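K.L.:
What shape does this take:
(one chain, ligands or ions: 1)
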Amino acid sequence: MQNVFIFEDLAYVKDEVIRAVAEGMAPDELAWALTRENEHIRKRFFNDLSWDDLNLLKKKLHEIGAPDSQKKKAAHKKIFALVGGLPEYKNVRFQQGFDDQEDFEWFLTDAPLPEEAVYGFSQTDTPWPRFFETHDGARILQEITAKNKADGFGIGRLPNSAIQLVNFAVCPKCGRAFSFKELAYYYAHPRQDPSCKTPVDQIREDTRMYCSACKLYFIPSLLVVGRKVEREVQGMSRLQTLYFIEQHFARQDVRVLSSSEANFVRKDKFHTKIMPKETASVQLFLSGIADCTETPAVSKALVKGILNDVFLKELEEKPALACNLLYYTPPALIPNLIEGANVAFNDPVFGIWQ
Ligand SMILES: [Zn+2]
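P.N.:
From the prediction side, this is the model:
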């Protein structure tokens, strides 16, 4: 059974695990790991150390002055590596995140990242008009940004940073630029494609946009914009983002997001038939996932949200999935997502649905 190990879980491990960690860490590393941690976890170590080691650890803890999140994170990382080396934790995922905002911004803008295969219906003849290959791309981007601003959504901001995420969807034939609102509406009501088994399949997997004037499908982009356009990945709807992230982890036999029953936040005994729009989209999402057929009585237990057990860091090799996940995450939850604290804090994916 796969689950996620967070630092707080040390409070519940066997004594042997605590001893293995204590043996593998230098005293000052252990002190950094435990500094400003809760008494429960500290006591686990205090109880398992020899008298001499305990005194040394207490001395080191006393010596630590100003907090240093880098040192603390490095120490936690080493603890995870030590625990992960134990046979019984062989299949466990461990909390991980980017070192800091700077590290994450480097990932977003400069890190050499692999090209991904197109997500969704990847017919080779579906055009993908890229920003960098679009004549007049900068002007079109301005136009899209202005439309999004007027609509009040569609621009994702990285907190404490000049970096923005902006959709870039331009018909390769007539040059029409679509705002985020237009994209979102289209994704919820796609032009039916007979090659899709069911409409739900299409909503979940058909990442193409359609220009009705030109009768043409094309693939939209999502841009990372700093001082200039820094990176371009495939754009997709939030439903598709969840779906393709789940597919990615499923290939490693890891169930995340809605494919893990434990992540559902339910509100039981929901009696009214009027369902808020956002909730309806979650319901739709649920009904579209084959695994969820085993979910008991979805109609009775209203789903309020899905907890986010995905670490952005684990999507490093999948920049489109990472950027789309970031794009759809509310700003208040982004720092946790970057640090990998989203699991410890029980953050929902894309915010709680009201
Ligand atoms: Zn067109």
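
K.L.:
and the gap between the closest residue to His40 other than its chain neighbours and Lys71?
P.N.:
Excluding its sequence neighbours, the residue lying closest to His40 (C-beta to C-beta, 6 or more residues apart in numbering) is Ala11, at 4.8 Å. For the C-beta atoms, the positions are set from N, CA and C on the backbone; glycine is no exception. Distance, Ala11 to Lys71, using C-beta to C-beta, to the nearest Å: 22 Å.

K.L.:
likewise Gly85?
P.N.:
Distance from Gly85 to Lys71, by C-beta to C-beta: 21 Å.

K.L.:
Check the spacing between Thr241 and the ion real quick.
P.N.:
Look at Thr241 and the ion: by C-beta to the ion, to the nearest Å, they are 25 Å apart.

K.L.:
surely that residue meets Leu325?
P.N.:
Yes - between Thr241 and Leu325 a contact is recorded at 5.8 Å, counting by C-beta atoms under 8 Å.

K.L.:
These two: who's more crowded?
P.N.:
Using other C-beta atoms under 10 Å as the criterion, Thr241 and Leu325 rank with Thr241 on top: 27 against 23.

K.L.:
where does the closest residue to that one other than its chain neighbours fall, phi/psi-wise?
P.N.:
Spatial nearest neighbour of Thr241, chain neighbours left out: Asn324 (4.1 Å); criterion: C-beta to C-beta, 6+ apart. Backbone torsions of Asn324, given as degrees, to the nearest 10, read phi -70, psi -40.

K.L.:
Enumerate every residue touching Asn324.
P.N.:
222, 233, 235-236, 238, 240-241 (C-beta atoms under 8 Å, 6 or more residues apart in numbering).

K.L.:
Next step: those residues restricted to helices.
P.N.:
Among the contacts of Asn324, the residues falling in helices (DSSP state H) are 238, 240-241.

K.L.:
which one of Gly85 and Lys71 has more residues nearby?
P.N.:
Lys71 (16 against 11).

K.L.:
hmm, back to that, and the furthest pair within the contacts of Asn324?
P.N.:
Farthest pair in these (C-beta to C-beta) is Val233 and Arg238. Separation: 14.7 Å.

K.L.:
between the two, which one's more packed in?
P.N.:
Using other C-beta under 10 Å as the criterion, Val233 and Arg238 rank with Val233 on top: 22 against 18.

K.L.:
Could I get the buried residue list for stretch 113-130?
P.N.:
Across stretch 113-130, burial judged by 16 or more other C-beta atoms under 10 Å covers 113, 118-121, 126, 129.

K.L.:
er, stretch 45-59 actually
P.N.:
Neighbour-count burial for stretch 45-59, with 16+ other C-beta under 10 Å as criterion, is recorded at 45, 48-49, 53, 56-57.

K.L.:
cool, stretch 99-106 as well?
P.N.:
Buried residues in stretch 99-106 (16+ other C-beta under 10 Å): 99, 101, 104-105.

K.L.:
and it, how far out from the chain's middle?
P.N.:
Computed by C-alpha atoms, centre = their mean, to the nearest Å, the separation of stretch 99-106 from the middle of its chain amounts to 15 Å.

K.L.:
try stretch 226-240
P.N.:
So, by C-alpha atoms, centre = their mean, the centroid of stretch 226-240 is 14 Å from its chain's centroid.
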